Each structure stands twice: as C-alpha cells, then as structure tokens.
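> Give the three-dimensional model of this entry:
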Amino acid sequence: MQPFTKITGVAAPLPAENVNTDVIIRIERLTNTDWSETGPWAFEAWRFLPNGEPNPDFVMNKEPYRDAPILIAGRNFACGSSREGAGLALLGAGVRTGIAPRFGPIFFNNCFQNGMLPVVLPPDTAQRFMEMAESDPGAEFTIDLESKTVTAPGGEAVSFELDEMRRQGLLQGLDDIGLTLSRSAEIDAFQQRDRAERPWIYLS
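Numbering: from 1, shown residues only. Prediction:
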C-alpha cells in the first residue's frame, strides 16, 4: 500500500449528494475485471455516453480535473453497498483523497485499507472549498496528513480529525494487518509470558 503523507493538486468538484458505490463502480466490473484495473470504469454511468464516448459534461472528463488527485464530494459520498472496489476504482482513476461532509461508513473504513485518505470537514467548509474548485479550476489544494490540515488555494488552512492509528497506518503505508504485524515483537513477548503463566490454555 502506498504511504500517504501530503498531496497537492487540483480538486475535482462533485456536488451530488448520496452518491452510492454502485455509481462509483458497477458490480459487473468487479466480477469481470481485476480490481487493480478498474480505474477506467470509475463513475462509468456518468463518465460515458450511451454510445461509449466520454461525456463532456462530467467533471472528470474536463481539464484540468481529468487527473485531479483530490475529489470534493457532496454529503454522504459512497454510501450503499460495502464493495471495497469502489475505493480501488477511485485510486485507479488517480484520486488519492476525498473531502466531504460525510462518507458512507463502510467506504470510509475501506479507504484506510487501500491507501486513500477520506477527509471529513464541516458542511459549510466543504461547500466553500467546492465553490473554490469550481470557480478557479486550476487552483490547487494541499492535504497534509502529518499536520492534519487542508490548505485552500488562497492559503486558508483548516484542521481535520482522524483516529491516530489510522493516521499512522496511512503515513506508513500499512493496512490493519500490516499495523498488527509491525508489533509482532510485542505480540511474541506477550505470548511467551502467557505460555509461562497459563500453559494449560495452549495446545502442546
């Protein structure tokens, strides 16, 4: 998993609310495509016209948003089913971090297992940043995980909250299993003490 420290780049504004994970990646793409290759199909129903041509009205088909590493979304982004492929499809499309007033809780949890940072900001702040991204398309935002801040194009910096274990996991590029294994020496020491104190609970 690629570590996340700081991202500076253009932010694609997606003001729609309650965007569900089936919109982000259709289920048939997860059954017929390697999940690491689903980026081209992210937002498929919105990104392409019925004839297969790119939809010129969709934000991720417009310059300079086409390669934006930041997505500013509406409330309750990525709600619905628990498909982990939604986050992987966004990563494949180049999105490393998202800003929203609220994320679907399962998607929010899945982000930390795949190296994506979901940033929750108050609704008025998220809306203001959305409007900045829309009015000045080339303007860049900076999301700094070490300081837990989002810096807007004009220099305004706002803080966001994040569980410290999840923050450390992203900084080190470790999912939950990786974080657990990083403490294997402590786990081994505990087991050795416990075997000596309670040998009857261990199989010989």
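> The chain: helices as residue ranges?
Per DSSP state H, the chain carries helices over the ranges 21-24, 27-32, 44-47, 85-92, 105-111, 123-135, 164-172, 176-181, 184-197.
> which residues does the spatially most central residue of the chain contact?
Geometric centre of the chain, nearest residue: M116, 3.4 Å, by CA atoms, centre = their mean. Listed by CB atoms under 8 Å, 6 or more residues apart in numbering, the contact set of M116 reads F4, G87, L90, L91, V95, R96, T97, G98. In short, each C-beta sits where N, CA and C put it, glycine included.
> Recalculate using a threshold of 6 Å.
G87, L91 (CB atoms under 6 Å, 6 or more residues apart in numbering).
> tilt between the longest strand belonging to the chain and helix 123-135?
Under DSSP state E, the strand in the chain containing the largest number of residues is strand 6-14. Following axes from the mean of the first three to the mean of the last three CA atoms, to 10 degrees, one obtains 80 degrees for the angle between strand 6-14 and helix 123-135.
> Parallel or antiparallel, list what pairs with strand 6-14.
According to DSSP bridges, strand 6-14 forms sheet pairs with strand 70-73 (parallel), strand 140-144 (antiparallel).
> thinking again about what came up before, worst average pLDDT in the helices of the chain?
The minimum mean pLDDT among these belongs to helix 176-181 (a mean of 74).
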